[in-house]
Structures are given as C-alpha cells and as structure tokens.
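Enquirer: sequence and predicted structure below; questions after.
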Amino acid sequence: MALWTLIGLAEGTATTGWPLKPGPDGQEGVIGMPRLEPERCDTGCSICIDVCPTQAIALAEERLALDYGRCVVCHLCVEVCPTDALTESNNWAFGVRARDDLRTDTSVTPVARPSPSRHSFRRSLHVRHVDAGSCNGCESELQALNNPFYNLHRLGIFFTPSPRFADLLLVTGPVTRAMVEPLRRTWEAMPEPRWVMAFGTCAVSGGIAPGGPCLSGLEDVFPVDLYLPGCPPNPAAIIEALLMFLGRMQQRLHRGQMNDQ
C-alpha cells in the first residue's frame, strides 16, 4: 500500500460537512465586506468617499450609500471613518441574482433575471471558467474548491474544460477588450439553457481599473445571472453563491443588507 494511502487512513476524513450539515466553513475569523451604518455618518463628511479607490461609496439622496459590487475589500474606508459609520464585518457571502442587491441605496428596486428551474440541472451543475483579464487572485480561490477540505464534487458541481458541456459560464477579471470575442464564442458554444456568473469585483464592475483596455465588467458583454463580488471571493462564499443559484440555499443579501444583521 502506498505511503500516502496509509497517511490518509490515519488522518481520517478531511472534508468538512458544511454546508450540508453543521461543520467548519474554513473561513473562521476572516474579515469580510465593510458594514455601513449611514445614520452614524456626520453631515458633510466625505473622507470615506475620497479615499475609496473604486468609487464604491457615494451619496444617494443625501445619504451615504455603498456599492458592494465595486468594493475590493481594502477597508481604507473603515480605517479613516471618524464615527464608525463603516466598520469591519465577517460577512463574506454576497452572492446575489440582481445587481442592485449589492447596493445599499434603497431608492432602486432590484430586478433579477428569471431563475433556473430546479429540474434544469437535475443533480449536477457543470461550470466553464474563463479568465478575462484576472490577476489570478480569483483563480487561486477557485482552485481551493477541489482540495480535500471543500471537495466541491460532493455537491454535484463540476468544472468542465469544454463549453459544450457547461451550464454556467463563470468569468473572472474586468474583461479586457481582447477577451470579448473569446467570451462570446464560449457563450455561443454552450447548450441551452445557459447562464452567466460574474465572479469577483472585477467581473462585476471593472474593479480597480475600469475603462481603457478593460470594460466595466461582464455586463458590458452580455446579461449576468449571478453576481459574486470580492477581491477575491473566498471558497466558502463561492460554494454558497452557487448553491443559492441552484435554489439549494437562500440569498442572504438584499438591498445591501444581510438577513442576519
């Protein structure tokens, strides 16, 4: 018997039971997206707006608003806020179906594209990943999904090298202009029904450097069915977003507010 087999038998099961049953998600203590409490904001203060590198913070109807779809989780806003209107949180799972659910501006009404039927996927989902200009931070988190701890296959979710077998097109990066045509060809090669996921803040909104050689995110190419911001999103957030998309978990973020806040 091979040595690694003996070591594995001695160590026992490494895969977490989460999210199918109680167990660790591997993200204990990880700092998530900043939390906004606009009622604490001093009138006339704009220090957080000035320091944000992606214009994720703005005034909406004279009230501070935060767009998580633009946030790169640098927490510069938290560091400079003098009134604790912006604070750290451990909320990392922000997968949503409607882009406006990533905004705390309540003057807009989120509208999502039609949800896939539970019968569309049977018991499995096949994902085709395309890097459209990523720094590879998102790719490092995607690779972790298939390690022994997360073992994504146990959930019936698989990555496929061919778009002809894919249900979901997962795109990372801000979408460089050179990648627009390859993305369209990949999309056209996918069988119906097919869906699109904007993975990471860059794909959602263009990230740190929209414009120029890059677009302002995946929506500039075609409609998006699932948004997951973060820089990068961690493996647990990815799993929760995919299961939410499949109707196996509930969406927890609505109009920029977590259900458990």
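Expert: Structure's in. What do you need?
Enquirer: contacts, neighbours, all on C-alpha from now
Expert: Fine.
Enquirer: so which residues of the stretch 101-250 of the chain form strands?
Expert: For the stretch 101-250 of the chain, the strands defined by DSSP state E, counting those that start in this stretch occupy 125-131, 157-159, 168-172, 195-199, 226-228.
Enquirer: pull up the pairing partners for the third one, direction included.
Expert: Think strand 168-172. When pairing is defined by DSSP bridges, strand 168-172 lines up against strand 125-131 (parallel), strand 195-199 (parallel).
Enquirer: flag the shaky bits of the stretch 1-150 of the chain, pLDDT-wise.
Expert: 1, 4-5, 7-9, 11-12, 108, 117-123 (pLDDT under 70).
Enquirer: at 90 instead, please
Expert: Regions of the stretch 1-150 of the chain meeting the criterion pLDDT under 90 cover residues 1-14, 23, 28-31, 38-39, 41-46, 59-63, 90-94, 105-124.
Enquirer: would you list the strands paired with strand 168-172 in a markdown table and tack on mean neighbour count?
Expert: Formatted as a markdown table, the strands paired with strand 168-172 follow (neighbours: other CA atoms under 10 Å):
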| stretch | mean neighbour count |
| --- | --- |
| strand 125-131 | 21 |
| strand 195-199 | 25 |
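Enquirer: in CSV: those, plus distance to Pro116.
Expert: As requested, the strands paired with strand 168-172 are exported to CSV (distance: least, CA to CA, whole Å):
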stretch, distance to Pro116
strand 125-131, 11
strand 195-199, 9
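Enquirer: can you say which of those is nearest to Arg164?
Expert: strand 125-131 (9.1 Å; CA to CA).
Enquirer: mind listing what the residue lying closest to Cys214 once chain neighbours are set aside touches?
Expert: The shortest distance from Cys214 to any non-neighbouring residue, by CA to CA, 6 or more residues apart in numbering, is to Thr176 (4.1 Å). Contact partners of Thr176, counting by CA atoms under 8 Å, 6 or more residues apart in numbering, are Ala132, Gly133, Pro213, Cys214, Leu215.
Enquirer: go on, Leu145?
Expert: Applying CA under 8 Å, 6+ apart, the residues contacting Leu145 are Asn151, Leu152, Pro235.
Enquirer: all the helices of the protein, residue numbers only.
Expert: 3-11, 47-51, 76-80, 137-144, 180-189, 201-205, 235-245 (DSSP state H).
Enquirer: deepest-packed of these, please.
Expert: helix 201-205 (a mean of 31; mean count of other CA atoms under 10 Å).
Enquirer: roughly how far is that one from the heart of the chain?
Expert: 9 Å (CA atoms, centre = their mean, to the nearest Å).
Enquirer: so where's the stretch 151-261 of the chain shaky on pLDDT?
Expert: Using pLDDT under 90, the stretch 151-261 of the chain drops low at 207-214, 255-261.
Enquirer: chain neighbours aside, what residue packs nearest to the spatially most central residue of the chain?
Expert: Geometric centre of the chain, nearest residue: Leu228, 1.9 Å, by CA atoms, centre = their mean. Nearest residue to Leu228 in three dimensions, chain neighbours excluded: Gly95, at 4.6 Å (CA to CA, 6+ apart).
Enquirer: mind checking how far that neighbour is from Ala60?
Expert: Between Gly95 and Ala60 the distance is 23 Å, computed by CA to CA, to the nearest Å.
Enquirer: quick one, which of the two is more surrounded?
Expert: When Gly95 and Ala60 are compared for neighbours, Gly95 comes out ahead with 31 against 13, by other CA atoms under 10 Å.
Enquirer: that one is in contact with Gln251, isn't it?
Expert: Yes - Gly95 is within contact range of Gln251, at 7.0 Å (criterion: CA atoms under 8 Å).
Enquirer: save the helices of the chain as TSV, and put in distance to Cys41 too.
Expert: TSV is the format used below for these (distance: least, CA to CA, whole Å):
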stretch	distance to Cys41
helix 3-11	51
helix 47-51	10
helix 76-80	12
helix 137-144	33
helix 180-189	41
helix 201-205	25
helix 235-245	29
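Enquirer: can you tell me the closest non-neighbouring residue to Pro19?
Expert: Asp25 (7.5 Å).
Enquirer: no more questions from me, cheers.
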